[in-house]
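[1] sequence and predicted structure below; questions after.
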Amino acid sequence: MEPPIVDLDAAFSALADPTRRAILARLALGEATVTELAAPFDMSQPAVSRHIRVLSDAGLISQRVDGTRRPCRLEMSAISQVDRWLAMLREALAANYDRLDALLAEMDSAEKVLTGKDKK
């Protein structure tokens, strides 16, 4: 079954908050319950639950039922989709920088020819 397409607007909106990014960083280490995720923050557990809800709605994390526990975990397919979109931007930027490097090298060469500094 094909993983669902992530709503990039929702994902980046969720990632805009530093608390949610910290929650994702913690989940990168492994599953954690809401109580475990709330521990390092100076906020109520319901406030952390709201952050988890935003991350879940964006498809970045999921929760599973394990008895009375509901551990959260990263949704790798969603993270991968965000990463692929960012990789596309990195490739476009690299191509732009390569074109700029070529242009600057060409300009430098032309300047040396004009000023006669290319002779050895």
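    Perfect, thanks for sending it.
[2] now do the buried residues in stretch 43-57.
    Under the neighbour-count criterion of 16 or more other CB atoms under 10 Å, stretch 43-57 has 48, 51-52, 54-56 buried. Placement of C-beta: from N, CA and C, glycine included.
[3] state the mean pLDDT of that stretch.
    Across stretch 43-57, pLDDT averages out at 95.
[4] got it, and stretch 71-88?
    Mean predicted lDDT for stretch 71-88 stands at 92.
[5] now it: buried residues?
    71-72, 74-75, 78-79, 81-82.
[6] any chance of those residues in a markdown table with distance to residue 98 as columns?
    Listed next are the buried residues of stretch 71-88 as a markdown table, based on distance: CB to CB, whole Å:
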| residue | distance to residue 98 |
| --- | --- |
| 71 | 45 |
| 72 | 41 |
| 74 | 33 |
| 75 | 34 |
| 78 | 31 |
| 79 | 28 |
| 81 | 26 |
| 82 | 25 |
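[7] ok so, going back, in helices, which of the buried residues of stretch 43-57 appear?
    Secondary structure defined by DSSP state H assigns 48, 51-52, 54-56 of the buried residues of stretch 43-57 to helices.
[8] just the closest of these to residue 106, please.
    Distances from residue 106 to those, taken as CB to CB, are shortest for residue 55 (47.6 Å).
[9] helices of the protein, start to end?
    8-15, 18-27, 34-38, 45-57, 76-115.
[10] mind putting these in a markdown table, distance to residue 63 included?
    Below are these laid out as a markdown table (distance: least, CB to CB, whole Å):
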| stretch | distance to residue 63 |
| --- | --- |
| helix 8-15 | 15 |
| helix 18-27 | 11 |
| helix 34-38 | 8 |
| helix 45-57 | 7 |
| helix 76-115 | 14 |
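[11] next, count neighbours for residue 116.
    7 (other CB atoms under 10 Å).
[12] for it, give me phi and psi.
    phi 70, psi 20 (degrees, to the nearest 10).
[13] ok so, going back, how about the ones in helices among the buried residues of stretch 43-57 in TSV, adding distance to residue 93?
    Formatted as TSV, these follow (distance: CB to CB, whole Å):
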residue	distance to residue 93
48	35
51	31
52	33
54	29
55	27
56	31
